[in-house]
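>>> Predicted model and sequence follow; I will ask about them next.
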Amino acid sequence: MPHLKKIYGLTKMRNQNLINIGKEVIKIEADSLKKLQSYIGKSFEQIIKIILSCKHGKIIVSGVGKSGIIGKKWSATLSSTGTPSFFLDASNASHGDMGQITSNDVIILISLSGASDELKNIIQFASRNRNIKLIGVTSKKDSLLYKNADVKFLLPPVTEAGPGGFVPTSSTTVQLALGDAIAIACMRFKKFGKLDFKKFHPSGSLSIKLKTVEDLMLVGRNIPFVNENISMKDALKNIEKKGLGAIVVKNNRNNTNGILTDGDLKRLSNLKFNFYNLKIKDVMKKKPISVDKNMLAAQALSLMNDKKITSLCVHKNKKRNKTVGFIHIHNILNANIT
């Protein structure tokens, strides 16, 4: 298809190996990340401590150009991992948006040069309000940002991946990685877990992965409970009526002490004796498998597959004999969890 090659300029690059170019860019940026790793030290620790000490305010992130785009990612990651944050557009800050900043806030300014004109007004505003902590992230030690920041993080000198070294590539990669490192350090310190993360991600594929047994289980009258003293004849009617392929057996103290499934009935039928007049407690499977309501639904599905069963009792607060829910494999599969 010569016309396509001409359109995309590939005829000029016929002597170049495009795959090698891609690998070279990745290597240059990977080397930059290794440099950043060696720069993680005291100033990084100070940044984390300042962010964690911000109990009554927000973490405000700002930057210009590509650093501004990276700043939006910093703010989004912090917010989604338990640290309230928002991005402040540096240009709009000088036209009234600095009114969003309070004395309880922490400001993080990201700028490769540390001298962007749009950031100067924010730096001056923070300097006039001594309660506001200013964190400066820059690669220039002699810059206005570095000199005025309460905590300064000096980015390593890196080689940009593009021809001429003027396209922000490696520099933005290290900025992005630093933001992730800060967010995850705060997240771990706060012991921010899967259930916390789920609260901030109620939609999308992440939400599906983080659904718990409690989100999908049957509760109340929908739990297929029967008393241990009912006859097997009545037990059969209950299994058919509930349509779940199992019934959960309780004693007179409302403690769960057994389960009876379709599979159990098939095995009993093969024994060729009349069990219909027996009580369910005489033939039930004792100590049914029960899971905590906070278990991830995906883990519950894996457990069912391992045990070759189709349902589980659900408990809370480690009280396995107190069934608060019942989950069938179809409840999980219908939620698109596999």
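On my side now, so go ahead.
>>> domains for this protein, by residue range?
13-192, 213-333 (automatic domain parsing).
>>> Could you dump the ones you listed into CSV with mean pLDDT, mean neighbour count and distance to Gly204 added?
(Glycine included, C-beta is placed from N, CA and C.) Formatted as CSV, these follow (pLDDT from 0 to 100; neighbours: other C-beta atoms under 10 Å; distance: least, C-beta to C-beta, whole Å):
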stretch, mean pLDDT, mean neighbour count, distance to Gly204
domain 13-192, 94, 17, 12
domain 213-333, 91, 16, 15
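>>> CSV for the ones you listed, including distance to Ser207?
Output for the domains of the chain, formatted as CSV (distance: least, C-beta to C-beta, whole Å):
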stretch, distance to Ser207
domain 13-192, 12
domain 213-333, 9
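>>> Check the gap between the residue nearest to Pro224 when sequence neighbours are not counted and Ile70 for me.
Spatial nearest neighbour of Pro224, excluding adjacent residues (C-beta to C-beta, 6 or more residues apart in numbering): Lys242 at 4.1 Å. Look at Lys242 and Ile70: by C-beta to C-beta, to the nearest Å, they are 55 Å apart.
>>> what's the answer for Gly220, then?
49 Å.
>>> Got the phi and psi for Leu112?
When read as degrees, to the nearest 10, the backbone of Leu112 gives phi -60, psi -40.
>>> so it makes contact with Thr169?
No - Leu112 lies out of contact with Thr169 (C-beta atoms under 8 Å); the separation is 11.7 Å.
>>> and Leu206, which of the domains of the chain is closest to it?
Closest to Leu206 of the domains of the chain is domain 13-192 (C-beta to C-beta; 9.4 Å).
>>> Give me the distance between the closest one and the centre of its chain.
In terms of C-alpha atoms, centre = their mean, to the nearest Å, the centre of domain 13-192 is set 21 Å apart from its chain centre.
>>> now swap in stretch 318-325 and tell me
How far stretch 318-325 lies from its chain's middle: 28 Å, per C-alpha atoms, centre = their mean.
>>> ok, now which ones touch the residue nearest to Asp31 when sequence neighbours are not counted?
Once flanking residues are discounted, Asp31 sits nearest to Thr159: 7.5 Å by C-beta to C-beta, 6+ apart. Contact partners of Thr159, counting by C-beta atoms under 8 Å, 6 or more residues apart in numbering, are Ile28, Asp31, Ser32, Gly165, Ser170.
>>> and the third one, that's in a strand?
Looking back up the chat, that one is Ser32. No - per DSSP: H, G, I helix; E, B strand; the rest coil, Ser32 lies outside any strand segment and is helix.
>>> Quick check: it vs Ile108, distance?
Ser32 is 20 Å from Ile108, by C-beta to C-beta.
>>> again, but for the first one
For Ile28, the distance to Ile108 (C-beta to C-beta) stands at 26 Å.
>>> same deal with the second one?
Using C-beta to C-beta, we find Asp31 at a distance of 26 Å from Ile108.
>>> How about the contacts made by Ser43?
Val151, Lys152, Phe153, Leu154.
>>> cutoff 7 Å now
Ser43 makes contact with Val151, Lys152, Phe153 under the criterion C-beta atoms under 7 Å, 6 or more residues apart in numbering.
>>> And what about the second one, helix, strand or coil?
Classification of Lys152 into helix, strand or coil gives strand, according to three-state DSSP.
>>> Dump stretch 309-328 to PDB, keeping only the CA atoms.
Taking Å, rounded to 0.1, in the frame of the first residue of the first chain, the C-alpha atoms of stretch 309-328 are listed here in PDB:
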ATOM      1  CA  ILE A 309     -20.200 -26.300  45.600                       C
ATOM      2  CA  THR A 310     -22.800 -23.800  44.400                       C
ATOM      3  CA  SER A 311     -23.700 -21.800  47.500                       C
ATOM      4  CA  LEU A 312     -22.300 -20.400  50.800                       C
ATOM      5  CA  CYS A 313     -23.600 -19.300  54.100                       C
ATOM      6  CA  VAL A 314     -22.600 -15.800  55.100                       C
ATOM      7  CA  HIS A 315     -21.700 -14.600  58.600                       C
ATOM      8  CA  LYS A 316     -20.200 -11.400  60.200                       C
ATOM      9  CA  ASN A 317     -17.900 -10.600  63.100                       C
ATOM     10  CA  LYS A 318     -16.400 -14.200  63.000                       C
ATOM     11  CA  LYS A 319     -19.700 -15.700  64.300                       C
ATOM     12  CA  ARG A 320     -20.000 -18.600  61.900                       C
ATOM     13  CA  ASN A 321     -23.000 -20.100  63.500                       C
ATOM     14  CA  LYS A 322     -25.000 -16.900  62.900                       C
ATOM     15  CA  THR A 323     -26.000 -16.800  59.300                       C
ATOM     16  CA  VAL A 324     -26.800 -13.300  58.100                       C
ATOM     17  CA  GLY A 325     -26.900 -14.100  54.400                       C
ATOM     18  CA  PHE A 326     -26.800 -16.700  51.700                       C
ATOM     19  CA  ILE A 327     -25.100 -16.500  48.300                       C
ATOM     20  CA  HIS A 328     -25.600 -18.700  45.300                       C
END
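>>> who touches it?
Contacts for stretch 309-328 (C-beta under 7 Å, 6+ apart): 213-214, 216-219, 223-224, 244-246, 248, 255-257, 259, 288-293, 300, 304, 329.
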